[in-house]
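>>> Sequence and predicted structure below; questions after.
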Amino acid sequence: MKIKFAEFVTSADDPRQYPPPHRPEIAFAGRSNVGKSSLINTLVHRHNLVDVSKTPGHTRRINFFNLNDEMYLVDLPGYGYADVPDEESQTWGPMIDTYLQRRSNLAALVCILDVRRGIERDDQQLLEAIPHFGLHPILVFTKVDKLGSQERDRRRRELADELGADPDEIVFFSSQDDTGKKQLWKRISDFTGIG
Ligand SMILES: Nc1nc2c(ncn2[C@@H]2O[C@H](COP(=O)(O)OP(=O)(O)OP(=O)(O)O)[C@@H](O)[C@H]2O)c(=O)[nH]1
Ligand SMILES: [Mg+2]
């Protein structure tokens, strides 16, 4: 994918605030602090398009980014962070559900998991819900820079087994050294027809 430009469009917690659905869209979901915002920055070759933070629960609204006037990339708030005030954690589920249900131009959902933590209960719940929204998951395990190369091969087989997926189908990613970037763009373009 050739990145001509990437820009923040808007942030929303209600469908009335979403940009018009006139371009294909890819959304990024995952546990809080898993590395969603970093992954988007890596994909578009920008260090600071999306805010990255050491504090989990940093991204709390749905953030839309315009890529090349061709598609939207959407950073979703992370789930599973216990310290988010009650009031906010109660709005998280409905906010994301509404987005996944209503967003007609959503081409695929990138599900980001931590390669070392693997598939946790919250992740499992999301993965099980995706087909009910008529969506396809693109499975990405990030922070693979934290594993040695032999360990990566073993872990890939283990995770594929657990998911009942083809090992080649899951993307191993690192925002530190760009591992998996090409493969992820390829998967995205399979769904958007762009790139
Ligand atoms: N080693 C390593 N660290 C990473 C990677 N990706 C993200 N991180 C670190 O993980 C922390 C969280 O990254 P974010 O990108 O802000 O995570 P997020 O999923 O957007 O977090 P929320 O917005 O809170 O849900 C930061 O300290 C990042 O530097 C990676 O591929 N490798
Ligand atoms: Mg974030």
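Arrived safely, thanks for sending. Residues are numbered from 1 along each chain as shown. Ligands and ions are numbered 1, 2, ... in the order given.
>>> Nearest residue to the middle of this structure?
Nearest to the mean C-alpha position of the chain, counting by Cα atoms, centre = their mean, stands residue 28 at 2.1 Å.
>>> I'd say that one and residue 106 touch.
No. Checked against Cβ atoms under 8 Å, the pair residue 28 and residue 106 is beyond contact range at 11.4 Å. C-betas here are computed from N, CA, C, even on glycine.
>>> Residue 37: neighbour count?
Using other Cβ atoms under 10 Å, residue 37 is surrounded by 22 other residues.
>>> quick one: residue 99 and residue 136, what's the gap?
Separation of residue 99 from residue 136 (Cβ to Cβ, to the nearest Å) stands at 16 Å.
>>> Ok, residue 180 next?
18 Å.
>>> So for those two, which residue has more residues nearby?
Applying other Cβ under 10 Å to residue 180 and residue 136 shows that residue 180 carries more neighbours, namely 21 against 14.
>>> show me the contacts for that one.
Residue 180 makes contact with 140, 144, 171-174 under the criterion Cβ atoms under 8 Å, 6 or more residues apart in numbering.
>>> rerun that using 10 Å as the cut-off
If you count contacts by Cβ atoms under 10 Å, 6 or more residues apart in numbering, residue 180 has them with 39, 42, 140-142, 144, 170-174, 187.
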